[in-house]
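Undergrad: can't give you the sequence, but here's the structure:
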């Protein structure tokens, strides 16, 4: 069965620190997609990144970077030089072809507090 | 451009009441998803529409839950005879294309349902 595990429930850092949010997934399929979403206090989930299972290149977008490692079934997210505005809940999610692409499985989320 | 909107934003119901939650997706979006998010948890898939067709309702927790999208745009999630365990945030998301990892989902702000 598909599963997404975000072992870190809450993380607290001081502004300008780097922080890595962990994500481990389980799927039996060879074709799947991984996502990260941000949920600020307003409640709306905001898409951050999508990665398909055939593309293991790491990606950097500004202060955000993602490390996808199929060998360890992990898709970790790093924020460099964190800012107070990064405070939110971050969700990792999985969608695989076996579900027909209809069902996205979310992790339980990691709440990030960035203190000034 | 308008994003996904949901109404009401907050709903308080007495146990046993019926409720109807509305989702207005982004205009022209083919796919529409409903999720249930319990406090401190990630969103859990409820159902998926492709235009007016409900292609997957495997996540609906009981036959008290019913969703429709009769004209392929606005969708309504109805919960009959509400129970306390139905208390959660109900999220709606839309996507421009068919469901699949190549299409990101755009989320609404959610409706927070509290059943007393």
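TA: Sure, I can see it. Computed from a prediction, not measured in an experiment: that's the story for all the values here.

Undergrad: correct me, but residue A:63 touches residue A:79?
TA: Yes. If you go by Cβ atoms under 8 Å, residue A:63 and residue A:79 touch, sitting 5.8 Å apart. All C-beta atoms are positioned from the backbone trio N, CA, C, and that covers glycine.

Undergrad: my read is that residue B:78 contacts residue B:67, right?
TA: Yes. Judged on Cβ under 8 Å, residue B:78 makes contact with residue B:67 at a distance of 7.1 Å.

Undergrad: how about the residue positioned nearest the centre of chain B, nearest residue that isn't a chain neighbour?
TA: By Cα atoms, centre = their mean, chain B has its centre lying nearest to residue B:34, at 3.1 Å. Leaving aside its sequence neighbours, residue B:34 sits nearest to residue B:46 (Cβ to Cβ, 6 or more residues apart in numbering or on different chains; 4.2 Å).

Undergrad: list the contacts for that neighbour?
TA: Taking Cβ atoms under 8 Å, 6 or more residues apart in numbering or on different chains, we find residue B:46 in contact with B:33, B:34, B:35, B:36, B:57, B:59, B:60, B:61, B:65, B:67, B:77, B:90.

Undergrad: pLDDT score for the nearest residue to residue B:43 once chain neighbours are set aside?
TA: Spatially, and ignoring its direct neighbours in sequence, residue B:43 is nearest to residue B:35 (3.7 Å; Cβ to Cβ, 6+ apart). Residue B:35 carries a pLDDT value of 96.

Undergrad: which strands and helices sit next to the host helix or strand of residue B:35?
TA: For residue B:35, the host element (DSSP states H and E) is strand B:31-37. Secondary-structure packing of strand B:31-37 (3 or more Cβ pairs under 8 Å, 6 or more residues apart in numbering or on different chains; DSSP states H and E): strand B:44-50, strand B:75-79, strand B:88-95.

Undergrad: low-confidence ranges, chain A, go.
TA: Low-confidence segments of chain A (pLDDT under 70): A:97-102.

Undergrad: hey, where'd the helices end up in it?
TA: With DSSP state H, there are no helices along chain A.

Undergrad: enumerate the residues of it near chain B.
TA: Within chain A, the residues that sit near chain B (Cβ under 8 Å from any Cβ of the partner chain) are A:4, A:32-33, A:35, A:37, A:42-47, A:50, A:52, A:91, A:93, A:95, A:100-109.

Undergrad: just the buried residues from those, in ChimeraX please.
TA: Applying 16 or more other Cβ atoms under 10 Å in any protein chain shown to the residues of chain A next to chain B, the buried members can be selected in ChimeraX as follows:
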select /A:4,32,33,35,37,43,44,45,50,91,93,95,101,102,103,104,105,106,107,108,109
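
Undergrad: coming back round to it: now, of the helices and strands packed on strand B:31-37, which is deepest in the fold?
TA: Mean neighbour count (mean count of other Cβ atoms under 10 Å in any protein chain shown) peaks for strand B:88-95 among those, with a mean of 24.

Undergrad: the residue nearest to the centre of chain B bridge partners, please.
TA: Counting by DSSP bridges, residue B:34 is bridged to residue B:47, residue B:92.

Undergrad: give me the residue from chain A nearest chain B.
TA: residue A:33 (2.6 Å; Cβ to the nearest Cβ).

Undergrad: for stretch A:12-30, give me every contacting residue.
TA: Contacts for stretch A:12-30 (Cβ under 8 Å, 6+ apart): A:1-8, A:11, A:32, A:34, A:36, A:53, A:72-84, A:90, A:92, A:94, A:96-98, A:107, A:110, A:112-116.
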